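*Asks:* generate coordinates for the sequence data below:
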Amino acid sequence: MTPELRDRLSPFRGKAIARGIPGEDVERWLGLARPCATLGQGGDGDVVGRFGGPLALPGGVAEPVHPFVGSIDLAALPDGVTDLPLPSDGQLLLFAVPEDDGDGANMGSVVYVPAGAAVEERDRYGWALADVEEYRELFGRFPQGPMRVTADVSLPYHCAVDLPEASWSEPLPGHPRAEELVEVWGDVEGEIVHRGPLRLGGYASEEAVYTDPLAGAVSCARQQAEAGRWDGPVSDDVSDWVLLADWSPGLEGREGATVHWAIQRADLVARRFERVFTTVYWNP
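*Replies:* Here you go, the predicted model:
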């Protein structure tokens, strides 16, 4: 975390202390802050990728199951813009359908294309259900155009964690004032961070956050693996996972939908992007 990003959190610190939250609790919460990249089509940030556009994949990569969201040029990202152990170059291609099927299924994927890899253009409508008019029209509303980056900072949007093998939640460990701190973040976030549909790294957010959406992704991945519908191994310890990206597209007909791409940290380090598990929050 750079001093500049920490300085940007001053409004949060001031408002939390003004609410009577002890300084030690505020500082402990600030210790959770993470750098992240906001990616959108507005602003004057550097172009680091593209929403939509032609789809090019290496010859040995199968046709994607889900629609193409966009590509990120990892070499173009500013140094330290996230704390994720990402490759230093190459392209990260994101795929998803912003819909919750209610069964905890994997609703997207990620393909990493190493720098210099031979690629071939694919049919952008080669994914499953592309011949269904509703989904084809939905894909037609996906954003198209240059993707610009802004360095941002992220604090937790949630105040509780789901316990493995349990149906209840508890406050984030070590933070008895978590609910109040999350409320303060909600009050000042708009003064601190930039708005954009796609976020790389940081903390997961969605329209209705109390528990960690990343924990929900871990739970779904474990259930799918146990049912034989997704390859393991899957750790049920949320600390073994990271949020790769969030996408809140704001599409007509999918208002309030948020896509979460999650991956086990060990898989990210090893560049096993086929191990990304994607969940979607949508309350139609």
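
*Asks:* can you give me the helices in the stretch 101-250 of the chain?
*Replies:* Using DSSP state H, counting those that start in this stretch, the helices assigned to the stretch 101-250 of the chain run over residues 133-140, 178-192, 213-226.

*Asks:* quick check: which of these is buried the most?
*Replies:* The highest mean neighbour count among these belongs to helix 213-226 (a mean of 20), with neighbours defined as mean count of other C-beta atoms under 10 Å. Every residue, glycine included, has its C-beta placed from N, CA and C.

*Asks:* quick one: P54 and V119 touch, right?
*Replies:* No - P54 is not in contact with V119 according to C-beta atoms under 8 Å; the separation is 10.0 Å.

*Asks:* who's more crowded, those two?
*Replies:* For P54 and V119, the more surrounded residue by other C-beta atoms under 10 Å is V119, and the numbers stand at 14 against 10.

*Asks:* I figured that one hits L57, correct?
*Replies:* Yes - with contact defined as C-beta under 8 Å, V119 and L57 form a contacting pair (5.9 Å).

*Asks:* got any residues that touch both of those two?
*Replies:* By C-beta atoms under 8 Å, 6 or more residues apart in numbering, V119 and L57 have these common neighbours: V113.

*Asks:* which strands and helices lie in contact with the longest strand seen in the chain?
*Replies:* Ranked by number of residues, the top strand in the chain under DSSP state E is strand 145-154. For strand 145-154, the helices and strands in contact under the criterion 3 or more C-beta pairs under 8 Å, 6 or more residues apart in numbering; DSSP states H and E are helix 3-8, strand 34-40, strand 47-51, strand 198-200.

*Asks:* that one pairs with which strands, parallel or anti?
*Replies:* Each strand that strand 145-154 pairs with, and the sense of that pairing, follows from DSSP bridges: strand 34-40 (antiparallel), strand 47-51 (antiparallel).
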